[in-house]
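Chemist: below is the sequence, then the predicted model.
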Amino acid sequence: MTEIILVRHGETEWNVEEVFRGRIDIELNQTGIKQAKLLAEYLSERQLDAIYSSPLRRALKTAELIAGYHKLDVEIVPGLIDMDFGKWQGLSLQEVRDKYKELYAEWVSHPDKVKIPAGESLDDVRKRAISVVSDVIARYEGTVVLVAHRVVNKVLICALLGLDNSHFWNIRQDTCGITTFTCENGRFILTEHNNTSFLTQKAPPSDF
């Protein structure tokens, strides 16, 4: 049996400001570092066999803090990198609503049908992210942590539950939230979703 823990990285200033991040390599803010440290402490007594991370610093820093308790190297995998938001990257949510009114409306109502200008679709993300999970299942029996991003994790959760990408908005995962699946005989079973019980700050974690 393989257990997969999907971790969303800690908070960044652009989460707070509701700016599309995508491939822009923004750092964790102080709240995000605190969140990641609390998460790392929470997982410190778990037996982890491997830690995979997106190459972007907000995910990698989160992964490195987790790895520090386990004498493990973080394996950087491009398949977990955030969605390429193309021309939306670096724009605020309101700017995207104003400049791409029709496409944003489609993103909200039918996210599975949208390809971001000069960027990716959810299907593009799904193909590369699920290949990472397939590699993990082939290589490990035990617990593996995957540290990635909101879009990547939500798409993976849909995929592992057997749902298509039209269900994207039915799933929430907050900053430093963890979602856990077990896989046995090819079947994925959701055992925990969006656990943020270990975060103690008064402000709720961000889902943007």
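Modeler: Perfect, thanks for sending it.
Chemist: for the rest of this, base every contact and every neighbour count on C-alpha atoms.
Modeler: Noted.
Chemist: so what's residue 32 up against?
Modeler: Contact partners of residue 32, counting by CA atoms under 8 Å, 6 or more residues apart in numbering, are 9-12, 175.
Chemist: test my guess that residue 70 contacts residue 44.
Modeler: Yes: with contact defined as CA atoms under 8 Å, residue 70 reaches residue 44; the gap is 7.1 Å.
Chemist: which phi and psi values does the residue nearest in space to the middle of the chain adopt?
Modeler: By CA atoms, centre = their mean, the chain has its centre lying nearest to residue 149, at 2.6 Å. Backbone torsions of residue 149, given as degrees, to the nearest 10, read phi -130, psi 170.
Chemist: mind listing the strands for the chain?
Modeler: Along the chain, the stretches classed as strands by DSSP state E are 2-8, 50-53, 74-76, 142-148, 178-184, 187-195.
Chemist: make a markdown table from these and add mean neighbour count and distance to residue 169 to it.
Modeler: A markdown table is the format used below for the strands of the chain (neighbours: other CA atoms under 10 Å; distance: least, CA to CA, whole Å):
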| stretch | mean neighbour count | distance to residue 169 |
| --- | --- | --- |
| strand 2-8 | 25 | 16 |
| strand 50-53 | 24 | 24 |
| strand 74-76 | 19 | 27 |
| strand 142-148 | 25 | 18 |
| strand 178-184 | 19 | 16 |
| strand 187-195 | 15 | 14 |
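Chemist: closest to residue 26 out of those strands?
Modeler: strand 142-148 (13.6 Å; CA to CA).
Chemist: output that closest one as PDB, nothing but the C-alphas.
Modeler: Provided in PDB are the C-alpha atoms of strand 142-148 (Å, rounded to 0.1, in the frame of the first residue of the first chain):
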ATOM      1  CA  GLY A 142       4.800   3.600   2.300                       C
ATOM      2  CA  THR A 143       4.100   7.300   2.700                       C
ATOM      3  CA  VAL A 144       5.200   9.900   0.200                       C
ATOM      4  CA  VAL A 145       4.600  13.700   0.500                       C
ATOM      5  CA  LEU A 146       3.900  15.800  -2.700                       C
ATOM      6  CA  VAL A 147       4.200  19.500  -2.100                       C
ATOM      7  CA  ALA A 148       2.500  21.500  -4.900                       C
END
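Chemist: quick one, that strand and strand 2-8 angle?
Modeler: If you take axes from the mean of the first three to the mean of the last three CA atoms, to 10 degrees, strand 142-148 sits at 20 degrees to strand 2-8.
Chemist: contacts for strand 142-148?
Modeler: Around strand 142-148, the neighbours that count as contacts under CA under 8 Å, 6+ apart are 1-9, 47-54, 59-60, 62-63, 80-82, 136.
Chemist: just how off-centre is it within its chain?
Modeler: 11 Å (CA atoms, centre = their mean, to the nearest Å).
Chemist: next: stretch 130-146.
Modeler: How far stretch 130-146 lies from its chain's middle: 15 Å, per CA atoms, centre = their mean.
Chemist: now do that stretch, average pLDDT.
Modeler: Mean per-residue pLDDT for stretch 130-146: 97.
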